[in-house]
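> Next come a sequence and a model predicted from it.
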Amino acid sequence: MMNITLNNGIEMPLLGFGTYLLRDGVACEHAVLNALSTGYRLIDTAAAYNNEESVGRAIKKSNVKREEIFVTTKFLPADDSAHEKAKRSFEASLKKLGLDYIDLYLIHIPQGDVNSSWKAMEELYKEGKVRAIGVSNFNMDQVQHLLKQHRVVPAVNQVETHPFCQRTAMQEGLKSQGIRLESWAPFAQGRNELFNNELLKAISSKYNKSIAQVVLRWLIQKEVVVIPKSANMKRIRENFNVFDFELTLSDMTSIESLDRGRGLIYHV
Ligand SMILES: NC(=O)C1=CN([C@@H]2O[C@H](COP(=O)(O)OP(=O)(O)OC[C@H]3O[C@@H](n4cnc5c(N)ncnc54)[C@H](OP(=O)(O)O)[C@@H]3O)[C@@H](O)[C@H]2O)C=CC1
Ligand SMILES: O=C1CO[C@H](CO)[C@@H](O)[C@@H]1O
């Protein structure tokens, strides 16, 4: 497993497990348990996914030490009383997850009162309740705005990133501020026939890997954090099995031709 170092010195796995659409209950619990037993050490959830209790139960049942797991969750900023609501949302997430700290806490979407929300995040960070704070679905203007107003620099920006939306300029812009790019929907949620793409098919047969593995490996080699989701044990394992091969520079570059320069899911 490969880690990256965030701007405050803490380590974050480059490969994690996404939980969007894993419904609260046994389905989610099983998937997260399977992921942990496969070796995933980063779990991505959100208050909005309504599955934090199941994620928390899986973490407890896994017998993996808490400090070995990197847990990310997120909240949606409110329009009014945003500071207080951010704190309340944090406490609710912590309780549902059954944890006493979060590794990475994110503003899920740049909506509502972001400034008051970020102040609350900074406080949680200073109190040691979260090891790092970051944002999600922010464009570069929104990131710059945050940087101008506040002291703590976000550790990551989690945005839709995959072969059809590569975020090359954003990754450079974030890097210059010490912020890491984290990909959500590395497979574009299967849209645009990603799993039937001819170029990706040709590259994957060359390495005797699947398209999913090539896409994850391509992002990992670019040092983009990936959090693929799967409800299926075989695919959970497949998505983790990406550390035994390396794409050549020429194959890395050829994937660049697939970029359409904008998100398929959010047009950010
Ligand atoms: N911050 C934000 O706003 C957002 C964050 N996220 C986070 O990012 C994570 C990943 O994104 P997500 O939206 O889930 O989409 P993904 O791009 O990870 O795609 C998930 C889909 O791909 C399928 N799949 C998974 N592995 C394979 C494989 N090896 N071969 C073929 N199909 C496969 C899954 O099906 P199956 O389950 O049947 O395997 C599922 O239908 C989320 O789970 C969530 O944690 C996602 C969206 C927005
Ligand atoms: O986190 C999320 C899961 O994916 C959704 C899109 O399909 C997003 O709306 C949401 O932000």
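On my side now, so go ahead. Ligands and ions are numbered 1, 2, ... in the order given.

> what's the pLDDT at residue 268?
Looking at residue 268, its pLDDT is 68.

> try residue 24
84.

> try residue 39
98.

> ditto for residue 1
74.

> so it makes contact with residue 242?
No. Here residue 1 lies out of contact with residue 242, judged by CB atoms under 8 Å, at a distance of 10.4 Å. No exception for glycine: its C-beta is placed from N, CA and C like everyone else's.

> which residues do those two both contact?
residue 15 (CB atoms under 8 Å, 6 or more residues apart in numbering).

> List the contacts of the residue in the stretch 151-268 of the chain that ligand 2 sits nearest to.
Nearest to ligand 2 in the stretch 151-268 of the chain, going by CB to the nearest ligand atom, is residue 265, at a distance of 5.0 Å. By CB under 8 Å, 6+ apart, residue 265 lies in contact with 160, 185, 188, 189, 191.

> returning to that earlier point: looking at residue 1 and residue 242 now, which is surrounded by more residues?
A count of neighbours by other CB atoms under 10 Å puts residue 242 above the other of residue 1 and residue 242, at 25 against 11.

> Give me the secondary structure label for residue 134.
What DSSP: H, G, I helix; E, B strand; the rest coil gives for residue 134 is strand.

> In strands, which of the contacts of residue 265 fall?
Judged by DSSP state E, those include residue 160 as members of strands.

> would you turn the contacts of residue 265 into TSV with distance to ligand 1?
TSV is the format used below for these (distance: CB to the nearest ligand atom, whole Å):
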residue	distance to ligand 1
160	7
185	4
188	6
189	4
191	8
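
> out of the contacts of residue 265, which are buried?
Among the contacts of residue 265, the ones that count as buried by 16 or more other CB atoms under 10 Å are 160, 185, 188, 189.

> Include pLDDT when you put the contacts of residue 265 into TSV, please.
Shown next, in TSV, are these (pLDDT from 0 to 100):
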residue	pLDDT
160	98
185	98
188	98
189	97
191	96
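
> Quick check: of the contacts of residue 265, which lies closest to residue 13?
Among the contacts of residue 265, residue 185 lies closest to residue 13 (CB to CB), at 18.0 Å.

> what's the spacing between the closest one and residue 156?
Residue 185 sits 15 Å away from residue 156, going by CB to CB, to the nearest Å.

> Do you know the pLDDT at the residue of the stretch 151-268 of the chain closest to ligand 2?
92.

> any idea whether it is helix, strand or coil?
coil.

> Kindly report the same for residue 124.
Here residue 124 is helix, with the state taken from three-state DSSP.

> So it sits against residue 90, correct?
Yes. With contact defined as CB under 8 Å, residue 124 and residue 90 form a contacting pair (5.8 Å).

> and the protein, which residues reach ligand 1?
Proximity of the chain to ligand 1, by CB under 6 Å from any ligand atom, involves residues 18-20, 44, 108, 136-137, 158, 184-190, 195, 210, 212, 227-232, 235, 238-239.

> Out of the residues you listed, which end up buried?
18-19, 44, 108, 136-137, 158, 184-189, 195, 210, 212, 227-230, 238-239.

> Among those residues, name the ones in helices.
Using DSSP state H, the subset of these located in helices is 212, 238, 239.

> Distance-wise, check the last one relative to residue 197.
Distance of residue 239 to residue 197, computed by CB to CB: 17 Å.

> do the same with the second one
According to CB to CB, residue 238 stands 17 Å off from residue 197.
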